[in-house]
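Asker: sequence-free structure coming up:
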């Protein structure tokens, strides 16, 4: 496990109650999982709001949960609500004596880095995101069916993830996709308000109607999970990559 101390002032709230207040949080990366999380010392957490859980949560591990063994689970009692299994102590020497809290959207109401609200997960201090216009010829197929054909893509390069090809809507065969009610948030790009499914591949495509200024070029364009479709770039087939999104359970769902 990789760890480092962050210089950010980080707070987490449930309603009007501040559950976490840290000016030197530990940021860490679980093995084989590229998205970071925060771990807080006990004096940075309202431990009086954390009640030890009697058992571990049932069901399979989730995207927002721990990626290894847990020494103790906690329910969070704050703002007149009870958030089951919303905090935990990992059973790992690198995080000994520290508490991690979930970023699941139905749990804590707000996370702040300094005075800016952040969603989904902490921003990785080592990550870079670029959106570059291109004239490459991109085609997207699934099971031999053409879903998109464009020579005006915007290529989005994001550390740890495959290159994404954001295509004009006019170049995407939306009649061969099914609109879904999914919605997601990325700390680097903003809210993806539109999602589409394809047979056997849920949430295979998405669009950002109002992306953050740093990636404004992807506005209203549509991208596909390379992990699930067959893409060619200038006539050359691109091998389907492996990422955390290869597992469709890690994709947004309604």
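Answerer: In hand now; what should we look at? As the structure is a computational prediction, the values presented were derived from the model and not from experiment.
Asker: Stretch 54-73: how far from the chain's middle?
Answerer: 18 Å (C-alpha atoms, centre = their mean, to the nearest Å).
Asker: contacts for that stretch?
Answerer: Residues outside stretch 54-73 that contact it (C-beta atoms under 8 Å, 6 or more residues apart in numbering): 30-33, 52-53, 84-85, 87-92, 100, 102-104, 107, 244, 249-250. In this view, the C-beta of every residue, glycine as well, is placed from N, C-alpha and C.
Asker: list the buried ones in it?
Answerer: Buried residues in stretch 54-73, defined by neighbour count with 16 or more other C-beta atoms under 10 Å: 63-64, 66-67, 70, 73.
Asker: Need the distance between the two termini of it.
Answerer: End-to-end distance of stretch 54-73 (C-alpha to C-alpha, to the nearest Å): 8 Å.
Asker: what do you get for stretch 50-70?
Answerer: Terminal residues of stretch 50-70 are spaced 15 Å apart (C-alpha to C-alpha).
Asker: can you tell me the average pLDDT over it?
Answerer: Average pLDDT, stretch 50-70: 91.
Asker: before we move on, back to that, now the buried residues of stretch 54-73 in CSV, with secondary structure and distance to residue 131?
Answerer: Putting the buried residues of stretch 54-73 into CSV (DSSP: H, G, I helix; E, B strand; the rest coil; distance: C-beta to C-beta, whole Å) gives the following:
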residue, secondary structure, distance to residue 131
63, coil, 24
64, coil, 26
66, coil, 32
67, coil, 29
70, strand, 38
73, strand, 40
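Asker: Return the member of the residues you listed nearest to residue 146.
Answerer: residue 63 (31.1 Å; C-beta to C-beta).
Asker: got any ranges where the chain has weak pLDDT?
Answerer: Within the chain, the stretches with pLDDT under 70 are 253-254.
Asker: quick one on the thing from earlier: take the contacts of stretch 54-73 and keep only those in strands.
Answerer: Those of those mapping onto strands are 52, 84-85, 87-90, 100, per DSSP state E.
Asker: got a list of contacts for stretch 159-176?
Answerer: Applying C-beta under 8 Å, 6+ apart, the contact partners of stretch 159-176 are 34, 124, 126-129, 131, 138, 140, 145-150, 152-158, 196, 198, 205, 207, 217-218, 220-224, 226-227, 231, 233, 241, 243.
Asker: Which ones among those map onto helices?
Answerer: Assignment to helices by DSSP state H places none of these there.
Asker: Of those, which qualify as buried by neighbour count?
Answerer: Listed as buried from the contacts of stretch 159-176 are 124, 129, 131, 138, 140, 147-148, 150, 152-156, 158, 196, 198, 205, 207, 218, 221-224, 226-227, 231, 233; burial here means 16+ other C-beta under 10 Å.
Asker: still on that earlier bit, pick out whichever of the buried residues of stretch 54-73 sits closest to residue 46.
Answerer: Checking the buried residues of stretch 54-73 against residue 46 with C-beta to C-beta, the nearest one is residue 73 at 16.7 Å.
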